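>>> Dropping a prediction and its sequence here:
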Amino acid sequence: MSLVVLICATAPVRAVPWAFLSSPLILQCLFYLLNEAFQLHINYGWRMLSSSLVDESDTARHELQSIILISCGPVSSLNSANRTITLALTVRQLWSAQPDRPLTISTRHTPLDPRGFLEDHFDVKINMQRRRKSMMMIRQCFKLPCEDDWRESMEFITIPSHESGECYTAARDLDITRLLDDEQSQLEAWDVVSLQMNSSFAFGRSPGVEWFNWSALNGSLKEKKLGYRCDPELNDKSRKEQAAKLPANLILSYDNWMDAEDDEGNEMIRLEMQFSENWVDVDIV
């Protein structure tokens, strides 16, 4: 393949017959090179963007582990009689303190929760009349979904490492009626509904992710219990001593026993979530 590419790159254009350029082998080589160049451009763009995301002077982010970006695109049109659309969500690590490691997170109370909450993170625009859907900020919840293993009653996903340039994708259903008032809900064929994910409330700095840690579900977390334990210091016990007593197959969240504030009372943020700002147009059929 390299020999063919060299000929194409060095030979004068007028000396190469059109039939030669249009041959399947040459077209395949050109497509491969263009695709590789495009991927390099995209990955370089992500790295340049991510390198400027963390402000060294922001004391609240000194312990930041990852910035997660969620993007969406439609995978189905919307029937005027059926008010539910399927969206394709793409999740990647926009920035990472450990760029070579995948990150596993719980999805409960986030847009990735298969049981709901997706509607709480969208703006809607119909016929140029924009209406904002708002909700209260969700802070981290430490109510145990079960006594021992959170994996039994909560969904978890693994986001590929930042260095890999890969992402996690999932399909989620969105109920349009929950975003519309009575007047807007009278949708007809040929209307266009435009959607945009929003984090206008301070969701980014408190994304409601109840459990996260480095590694993959099919890696070192496989066959492990993912759970939560109360901070021993609340009961005047040593964290180190209590950690030694934990079951060997129990993995706590990365920030499970870490202080929420530093010695000066500054909030410590360890995980952020951002949404892409692109509008997604959904055709009514």
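That came through fine.
>>> Tell me where the stretch 151-285 of the chain is predicted with low confidence.
When the per-residue scores of the stretch 151-285 of the chain are filtered using pLDDT under 70, the ranges that remain are 181-187, 189, 199-207.
>>> can you map out the strands along it?
Remark: strands of the stretch 151-285 of the chain, listed N- to C-terminal, are 156-159, 168-175, 192-197, 212-214, 225-227, 250-252, 271-275, 280-283; assignment by DSSP state E, counting those that start in this stretch.
>>> Compare those and give me the one nearest Trp150.
Checking the strands of the stretch 151-285 of the chain against Trp150 by C-beta to C-beta gives strand 225-227 as the closest, at 5.0 Å. Yep, even glycine has a C-beta here, placed from its N, CA and C like the rest.
>>> that older thread, export the strands of the stretch 151-285 of the chain to a markdown table and append columns for mean neighbour count.
Output for these, formatted as a markdown table (neighbours: other C-beta atoms under 10 Å):
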| stretch | mean neighbour count |
| --- | --- |
| strand 156-159 | 18 |
| strand 168-175 | 16 |
| strand 192-197 | 19 |
| strand 212-214 | 20 |
| strand 225-227 | 20 |
| strand 250-252 | 17 |
| strand 271-275 | 21 |
| strand 280-283 | 16 |
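>>> Same list (the ones you listed) but as TSV, adding distance to Glu261.
Listed next are these as TSV, based on distance: least, C-beta to C-beta, whole Å:
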stretch	distance to Glu261
strand 156-159	27
strand 168-175	31
strand 192-197	30
strand 212-214	19
strand 225-227	24
strand 250-252	20
strand 271-275	16
strand 280-283	38
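>>> closest one to Arg115 among those?
Taking C-beta to C-beta as the measure, the strands of the stretch 151-285 of the chain were each checked against Arg115, and strand 168-175 came out nearest at 10.2 Å.
>>> And the closest one, what does it pack against?
strand 84-96, strand 156-159 (3 or more C-beta pairs under 8 Å, 6 or more residues apart in numbering; DSSP states H and E).
>>> That strand to strand 84-96, inter-axis angle?
On the basis of axes from the mean of the first three to the mean of the last three C-alpha atoms, to 10 degrees, strand 168-175 is oriented at 140 degrees to strand 84-96.
>>> In terms of residue numbering, what are the domains of the protein?
Here the chain is described, according to automatic domain parsing, as comprising the domains 1-6+20-52, 66-283.
>>> now the helices for the stretch 101-250 of the chain?
Assigned by DSSP state H, counting those that start in this stretch, the helices in the stretch 101-250 of the chain fall at 239-244.
>>> and Asp263, which of the helices and strands packed on strand 168-175 is closest to it?
Asp263 lies closest, by C-beta to C-beta, to one member of these: strand 84-96, at 25.4 Å.
>>> re the thing from before, of the strands of the stretch 151-285 of the chain, which is nearest Ser238?
When the strands of the stretch 151-285 of the chain are compared by C-beta to C-beta, strand 250-252 sits nearest Ser238, at 15.6 Å.
>>> got a list of contacts for the closest one?
Identification of contacts with strand 250-252 by C-beta atoms under 8 Å, 6 or more residues apart in numbering yields 213, 221, 224-229, 246.
>>> got a markdown table for the residues you listed, with distance to Val192 too?
Listed next are the contacts of strand 250-252 as a markdown table, based on distance: C-beta to C-beta, whole Å:
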| residue | distance to Val192 |
| --- | --- |
| Asn213 | 42 |
| Leu221 | 42 |
| Lys224 | 46 |
| Lys225 | 47 |
| Leu226 | 42 |
| Gly227 | 45 |
| Tyr228 | 44 |
| Arg229 | 50 |
| Leu246 | 53 |
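>>> Looking at the residues you listed, spot the one nearest Val91.
Minimum separation from Val91 among the contacts of strand 250-252 (C-beta to C-beta) is found for Asn213, which lies at 16.1 Å.
>>> what's across from the closest one in the sheet?
Under DSSP bridges, the beta-bridge partners of Asn213 are Thr104.
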